[in-house]
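[1] quick one, fold the following:
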Amino acid sequence: MNLKIRTYDPKLTIKENAEANNVNELAIKRYIKRNGIDRQGERLTTLLDGLIKAYKKDPTLTVYQFANATKKAPQTIKKYWPVITGEMTIEDFKKEYHLEDTKIAVADFYNYYATHPSVTRDLLRVESFHNEILEPFCGGGFMSREIQAHGYNVTNYDIIDRGCNRVADFTTLEVEEGKFDIITNPPYINRKTKQNTADTVDHILKCIRICRGKVAVLLPLHYLTSKDRYTRLYVPFPPSRIYVYQNRIIIARNGDFDTYKEQGANLTMYAWFIWEKGYTGDTVLKWLYNVID
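    Just a heads-up that it's a prediction; the model follows:
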C-alpha cells in the first residue's frame, strides 16, 4: 500500500493526482484499481449532468443546434438525447445500454462522514484507554491522527483506502481478541453496496467482544432508543457511561469541516457511548461540551 497518497481528487486527471501526491502515475492507477474507482462511469455521469443543465436553459433547440451550442459531436448528442430531454433517467439509460456501474463510483468513494478532530479531543479529556487502540472505520484518518497525537498507538482499517492505513471490512475482519481498546464512529450502511449487511449494533457487539477493556463509540443520541437496540445491546451490555453533547458537533461529509462549520453544525445531536469489558452496573449519564480549539 502506498501511504504517500493522502488526497485523491476525482476531478483531476491521473497525472494531476500524481503531481498533487508527489508520486508517479502508476501509483495513482494502482490506487484506483485497488479501490475499484469507476472513473469512466463518473465521467459519463458528469457529462450527462452538464448536458441536462445546458438543455434546460433552452429546451427549444434541435439535436444539431444543441450539438453546435455545446460543441459536442451530433452523434454523441443523438445517443444521449433521451437523457438530455428528460425522457429517461441517467440510471435507466445505463441499465438499458448495460452501462451499470460494476465498480464503486467516485461519488460513492467520497461518500463518507468524518468526525471533527475536536470531538475526539473531547473524549480523550474525560476518558483514558489502553495504549493500543483499534479504529476500525478510519475514513480519512481524522480520528486516528488525533488519538495518535495523544500518545496512543493506533491500528486502523477502512473498507476503502482513503490514505488511512489498512483496507478491510470490519464485518469479516479477524482481530486478535484482548489486544485493543476501541475508539470509533461507525458507519450506518455498507459503503460499497449501500446495504445494511451489518448494522451498527452488530459492529458494536463485535467491538465489545474483541476489545481489551474499553470501547468508545460516537453515536447519534437517538441510538438510546428502539426495542431492538435495547434487547440486543443495552440489556446484555449496558454502557458504563454516556457523554451527551450539550451542543451540536461537526460531522462533515468527506472531511470538509470548513463548509459544515460555515453552514452551521449538524442538526443531529450526538453522544459518546462507553462500554467496559464485563461491566454490569447502571449506566451513568454525563454531559459534554464540544470545544473547537
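
[2] what about the stretch 101-250 of the chain, any weak spots by pLDDT?
    101-111, 163, 165, 188-198 (pLDDT under 70).

[3] show me where this structure has helices.
    14-21, 25-34, 39-57, 63-70, 74-84, 90-96, 106-109, 117-126, 142-149, 200-210, 227-229, 257-263 (DSSP state H).

[4] as CSV, the ones you listed with distance to E176 would be great.
    (Glycine included, C-beta is placed from N, CA and C.) Putting the helices of the chain into CSV (distance: least, C-beta to C-beta, whole Å) gives the following:
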stretch, distance to E176
helix 14-21, 32
helix 25-34, 25
helix 39-57, 37
helix 63-70, 57
helix 74-84, 51
helix 90-96, 43
helix 106-109, 29
helix 117-126, 24
helix 142-149, 18
helix 200-210, 8
helix 227-229, 27
helix 257-263, 33
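
[5] so which of the ones you listed is nearest I133?
    Counting by C-beta to C-beta, I133 lies closest to helix 142-149 out of the helices of the chain; the figure is 5.5 Å.

[6] quick one: buried residues of that closest one?
    F142, M143, S144, R145, E146, I147 (16 or more other C-beta atoms under 10 Å).

[7] residues in contact with the residue nearest the centre of the chain?
    For the chain, the residue nearest the mean C-alpha position is Y112 (1.9 Å; C-alpha atoms, centre = their mean). Residues in contact with Y112 (C-beta atoms under 8 Å, 6 or more residues apart in numbering) are G139, G140, I160, R162, P187, R191, R253, N254.

[8] how's the chain carved up into domains?
    Split into domains by automatic domain parsing, the chain comes to 39-102, 113-288.

[9] out of those, deepest packed?
    With neighbours defined as mean count of other C-beta atoms under 10 Å, the domains of the chain peak in mean count at domain 113-288, which reaches a mean of 17.

[10] reformat the domains of the chain as CSV; add distance to I32.
    Below are the domains of the chain laid out as CSV (distance: least, C-beta to C-beta, whole Å):
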stretch, distance to I32
domain 39-102, 7
domain 113-288, 10
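
[11] quick one, which of those domains gets closest to E19.
    Among these, domain 113-288 sits nearest to E19 (C-beta to C-beta), with 16.2 Å.

[12] now the end-to-end length of the closest one.
    21 Å (C-alpha to C-alpha, to the nearest Å).

[13] just stretch 135-155 next, same as before
    6 Å.

[14] ditto for stretch 148-159
    Counting by C-alpha to C-alpha, the terminal residues of stretch 148-159 are separated by 21 Å.

[15] before we move on, what about stretch 236-244?
    End-to-end for stretch 236-244, by C-alpha to C-alpha: 22 Å.

[16] who touches that stretch?
    With C-beta under 8 Å, 6+ apart, stretch 236-244 has contacts from 122-123, 126-127, 205, 208, 221, 224, 269, 271-276, 279-288.

[17] repeat that with 10 Å
    Residues outside stretch 236-244 that contact it (C-beta atoms under 10 Å, 6 or more residues apart in numbering) are 122-123, 126-127, 204-205, 208-209, 214-219, 221, 223-224, 233, 269-289.

[18] where along the stretch 101-250 of the chain do the strands fall?
    104-105, 113-115, 132-135, 153-158, 166-167, 181-184, 214-220, 241-245 (DSSP state E, counting those that start in this stretch).

[19] neighbouring strands for the second one, and are they parallel or not?
    Paired neighbours of strand 113-115 in the sheet (DSSP bridges): strand 251-253 (antiparallel).

[20] quick revisit: put together TSV for the strands of the stretch 101-250 of the chain, with distance to T60 on each row.
    Listed next are those as TSV, based on distance: least, C-beta to C-beta, whole Å:
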stretch	distance to T60
strand 104-105	33
strand 113-115	42
strand 132-135	55
strand 153-158	49
strand 166-167	50
strand 181-184	54
strand 214-220	48
strand 241-245	53
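
[21] looking at these, which is nearest to L44?
    strand 104-105 (10.2 Å).

[22] hey, what's R241 bridged with?
    Beta-bridge partners of R241, as defined by DSSP bridges: I274, V284.

[23] and it, how close does it get to L285?
    R241 sits 8 Å away from L285, going by C-beta to C-beta, to the nearest Å.

[24] list residues touching both of these two?
    A271.

[25] list the residues that contact the residue nearest to L233 when sequence neighbours are not counted.
    Nearest non-adjacent residue to L233, counting by C-beta to C-beta, 6 or more residues apart in numbering: V201, 5.2 Å away. Contact partners of V201, counting by C-beta under 10 Å, 6+ apart, are P186, Y223, S226, D228, R229, T231, R232, L233, Y234.
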